[in-house]
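Asks: Provided below are the primary sequence and the corresponding predicted coordinates.
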Amino acid sequence: MKKIESFQVNHLNLNRGIFVSRRDYIGEDGVTTFDIRMKEPNHEPVMNTAEIHTIEHLGATFLRNHNIYDNLTIYFGPMGCRTGFYLILKGNFKSENIIDIMKEMFEFIINFDGIIPGADASSCGNYLDMNLPMAKYEASKYFNEVLSDLKEENLNYPE
C-alpha cells in the first residue's frame with residue numbers, strides 16, 4: 001500500500017505555520033500544496049465546523065478575487081482533522097513566497113463584515129453551518145500568534 005505523504009509528518013512535533021506539504025507536476029506545470037496549520041495538532045482543541053466552513057468560504061472568495069492569486073489558486077479548503085487548511089497553487093513555491101498573501105487573506109477574514117459569500121441554500125450544501133464571529137476569532141488568533149512573527153519552525157516541517 002502506498003504511503004500518504006502527509007501521514008509521514010510527525011504531528012506530535014508540528015507547529016502552527018505555513019508549510020509546503022508537497023509538490024506535484026501535471027506535465028511540465030508545477031503544483032504546490034500548502035499546509036496552513038492554524039492549530040497545534042494533538043495539543044490544543046481543533047476548530048469547530050462552523051468557523052472552518054466560514055473561513056473556507058471567505059478564504060476562497062478572497063483568493064479567487066485577488067489580482068494575482070485568482071489564476072494561481074487551484075483549491076483552498078479544510079483539513080479533515082480541523083487543525084487547518086490546504087491551499088493548492090499552480091507553480092513551484094516555498095512557504096516564504098506566500099507569507100504576504102496569507103497575511104492579506106487572514107486580515108480580510110478578520111475585518112470581514114456582511115453576508116458570507118456563498119452562504120445560501122442554492123450555493124452551499126450546508127449553508128446554515130457558519131459562524132462569522134468565531135471565524136474572525138480563529139483568524140485573529142492565528143494572525144497575531146503565528147503570522148505576525150513567523151520563524152523557521154513555522155515555515156518548515158520538523159525533521
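Replies: Thanks, I have the structure now. Since this is a predicted model, take the numbers as computed values, not measurements.
Asks: K94: neighbour count?
Replies: 14 (other Cβ atoms under 10 Å). For glycine as for every other residue, the C-beta is placed from the backbone atoms N, C-alpha and C.
Asks: now do the SS call for T33.
Replies: For T33, the assignment made with DSSP: H, G, I helix; E, B strand; the rest coil gives strand.
Asks: didn't it look like it was pressed against G91?
Replies: No. If you go by Cβ atoms under 8 Å, T33 and G91 don't touch, sitting 11.7 Å apart.
Asks: neighbour count: these two, which is higher?
Replies: For T33 versus G91, neighbours defined as other Cβ under 10 Å are more numerous around T33 (19 against 12).
Asks: OK, contacts around the more buried one?
Replies: V20, S21, R22, R23, D24, Y86, L87, I88 (Cβ atoms under 8 Å, 6 or more residues apart in numbering).
Asks: list the buried residues of the longest helix belonging to the chain.
Replies: If you go by DSSP state H, the chain has its longest helix at helix 49-64. Of the residues in helix 49-64, 50-63 count as buried by neighbour count, 16 or more other Cβ atoms under 10 Å.
Asks: closest to F112 out of the residues you listed?
Replies: Nearest to F112 among those is L58, at 5.7 Å by Cβ to Cβ.
Asks: three-state assignment of the nearest residue to that closest one once chain neighbours are set aside?
Replies: Closest residue in space to L58, ignoring its immediate chain neighbours: I109 at 4.8 Å, by Cβ to Cβ, 6 or more residues apart in numbering. The local conformation at I109, judged by three-state DSSP, is helix.
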